[in-house]
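[1] Predicted model and sequence follow; I will ask about them next.
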Amino acid sequence: MPELLHRGAVRLDATATGRDDAIRQCGEALVRTGAVEPAYVVAMLEREQSVSTYVGEGVAIPHGTLNGKESVRHDAVSFVRFPDGVSWGDDQQVVLCIGIAAVGDGHVRLLSELAQILLDPDRARALRETNDIDEVVRLLQPAGEEEPA
């Protein structure tokens, strides 16, 4: 089974012109690693038009609509950090943009696991500060599944 977070889907120093550009970058990272077809990026943008994927504390978790599921090859996550922040609307600034793609109902599990990780203040701070891609991959492993440091 392919890894959930491929090193090639991690960017630590991105810039974006706005919310849609940030979402596009998260989606394109999933495309580059072979997790999704390009049509999934459009589904991610459509999802954002219907409901914001901003979850608070400078984090957004963009994902596609149900119609975009047919473009998903396997469950995957992308991680794009915008050190200068990206305006997400309504005075919301996003620094961490974590794109998800899942086959079937896998997105529910992924969202739950990401929420647990991001609720841990030490892990959330490390994700905002580290300059080590391997550390990001390790930090985004579900509890009890962390790779050795």
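    In hand now; what should we look at?

[2] all helices of the chain, in order?
    19-32, 39-50, 106-119, 121-129, 133-139 (DSSP state H).

[3] Need the residues that contact the third one.
    Helix 106-119 is touched from outside by 4, 55, 57, 59, 61, 63, 75, 77, 98, 100-102, 123-124, 127, 139-140, 142-143, with contacts defined as Cβ atoms under 8 Å, 6 or more residues apart in numbering. Placement of C-beta: from N, CA and C, glycine included.

[4] so what's the spatially most central residue of the chain up against?
    What sits nearest the mean C-alpha location of the chain, by Cα atoms, centre = their mean, is I98, with 1.6 Å. Contact partners of I98, counting by Cβ under 8 Å, 6+ apart, are C26, V59, A60, I61, P62, V77, S78, F79, V80, L114, L140.

[5] cool, and D132?
    Applying Cβ under 8 Å, 6+ apart, no residues contact D132.

[6] From L66, how far off is it?
    36 Å (Cβ to Cβ, to the nearest Å).

[7] Please apply the same query to G34.
    From G34 across to L66, the span is 22 Å (Cβ to Cβ).

[8] Have a look at these two and say which one is more surrounded.
    The residue with more neighbours, out of G34 and L66, is G34; 13 against 9, by other Cβ atoms under 10 Å.

[9] Which residue, other than its chain neighbours, is closest to the more buried one?
    Nearest non-adjacent residue to G34, counting by Cβ to Cβ, 6 or more residues apart in numbering: R73, 6.4 Å away.

[10] Neighbours of the one you found, how many?
    The tally of other residues near R73 (other Cβ under 10 Å) stands at 15.

[11] Verify the stated contact: it with A39.
    No - assessed by Cβ atoms under 8 Å, R73 is found out of contact with A39, at 11.6 Å.
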